[in-house]
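Asks: Show me the folded form of this:
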Amino acid sequence: MTAPPDDVLWARGLHYTYDGSPALQGVSFGVREGEIVAVTGARGSGKTTLLRCLSGQELPERGEVWFNSAPVHTLGRAARERLRLRRFGWIDSSPRLVPELTVWENAALPLLLQGTGYRTARKTACAWLARLDVGDCARKRPAVLRQAERQRVAVARALAHSPDVLFADEPTAPLHRTDRAQVLRALSAAARSHGITVVLATHDFAPTPAARTADETGAALADRIVTLTDGRRSRAPAPEVEPAPTGPEGAAACSLSV
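Replies: Residues are numbered from 1 along each chain as shown. Below you'll find the predicted structure:
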């Protein structure tokens, strides 16, 4: 079986058990190139497990995962690690920065691990840090930064090597509302400007267009919403999110954060 040609990432019939309890129960999922998809649901609904299976961090017990028509579910550990390093980006619910490294070294880490030259890696990392409004922190250590600043550094690290797909597992969960909205806008604008596909797990959900306009949650900034309930796709169709504005108005909105 091959993946649908329009989907850069595709999964079929995923099953996964965690500590004896079913975390995924037959989930099928697809995302097109450049699309931002929000995976919503209550805590424990299977969002993190789905992202880990899609990104190759975990292998499903049953089911298939395809990336650009390549079967991720049949790859060995080393091949999946190379795939994650070169083609995928990951943002966790906490920054998980290396405390001994400076901010720019943390942001440049994926590039350095790929063998990119020191000067090029530093220039690229600093450019992303500047886009995410933490460029003045480049020489500092993570310990002296605010939580929101550390999370912006984690976003820069995930974007620095221009991944094909960025996975974000509740990336703003520990942040205050204002910082959460700023980080989400920055992430969304950066991904759209570089054509990066994003799969975003979030428990935030704005049910109506008016609510989405008033409260920029992760779901509000997505092109499409997929809802999980107890490890299954919700039967009720998730409301489509209005597309991001284009033209001068859209550009002005993006310039607020990036």
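Asks: show me where the stretch 101-250 of the chain has strands.
Replies: Applying DSSP state E, counting those that start in this stretch to the stretch 101-250 of the chain gives strands spanning 165-169, 197-202, 224-229, 232-233.
Asks: got the contact list for the nearest residue to T124 once chain neighbours are set aside?
Replies: Of all residues not flanking T124 in the chain, A160 sits nearest, at 5.6 Å (Cβ to Cβ, 6 or more residues apart in numbering). Quick note: C-beta positions are derived from backbone N, CA and C, even for glycine. For A160, the contact set (Cβ atoms under 8 Å, 6 or more residues apart in numbering) comprises A107, A108, P110, L111, A121, T124, A125, W128.
Asks: CA-only coordinates of the biggest helix by length in the chain, as PDB, when you get a sec.
Replies: Counting residues, the longest helix found in the chain (DSSP state H) is helix 177-194. Extracted in PDB, the C-alpha atoms of helix 177-194 (Å, rounded to 0.1, in the frame of the first residue of the first chain):
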ATOM      1  CA  ARG A 177      -2.000  33.500  28.200                       C
ATOM      2  CA  THR A 178      -0.100  36.500  26.700                       C
ATOM      3  CA  ASP A 179       3.100  34.600  26.200                       C
ATOM      4  CA  ARG A 180       1.200  31.700  24.800                       C
ATOM      5  CA  ALA A 181      -0.500  33.700  22.100                       C
ATOM      6  CA  GLN A 182       2.800  35.400  21.100                       C
ATOM      7  CA  VAL A 183       4.600  32.100  20.800                       C
ATOM      8  CA  LEU A 184       1.800  30.500  18.800                       C
ATOM      9  CA  ARG A 185       1.600  33.500  16.400                       C
ATOM     10  CA  ALA A 186       5.400  33.500  15.900                       C
ATOM     11  CA  LEU A 187       5.400  29.700  15.300                       C
ATOM     12  CA  SER A 188       2.500  29.900  12.800                       C
ATOM     13  CA  ALA A 189       3.900  32.900  10.900                       C
ATOM     14  CA  ALA A 190       7.400  31.300  10.700                       C
ATOM     15  CA  ALA A 191       6.000  28.000   9.400                       C
ATOM     16  CA  ARG A 192       3.800  29.600   6.800                       C
ATOM     17  CA  SER A 193       6.600  31.900   5.500                       C
ATOM     18  CA  HIS A 194       8.900  28.800   5.000                       C
END
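Asks: Give me the mean pLDDT for that helix.
Replies: On average, the pLDDT along helix 177-194 is 85.
Asks: which other helices and strands contact it?
Replies: strand 36-40, helix 118-131, helix 147-159, strand 197-202, helix 247-254 (3 or more Cβ pairs under 8 Å, 6 or more residues apart in numbering; DSSP states H and E).
Asks: nearest to W66, of the ones you listed?
Replies: Between W66 and those, the tightest spacing by Cβ to Cβ is seen for strand 197-202, at 13.4 Å.
Asks: what residues does that closest one touch?
Replies: With contacts defined as Cβ under 8 Å, 6+ apart, strand 197-202 is touched by 8-9, 31-40, 47-48, 50-51, 54, 164-172, 187-188, 191, 217-219, 222.
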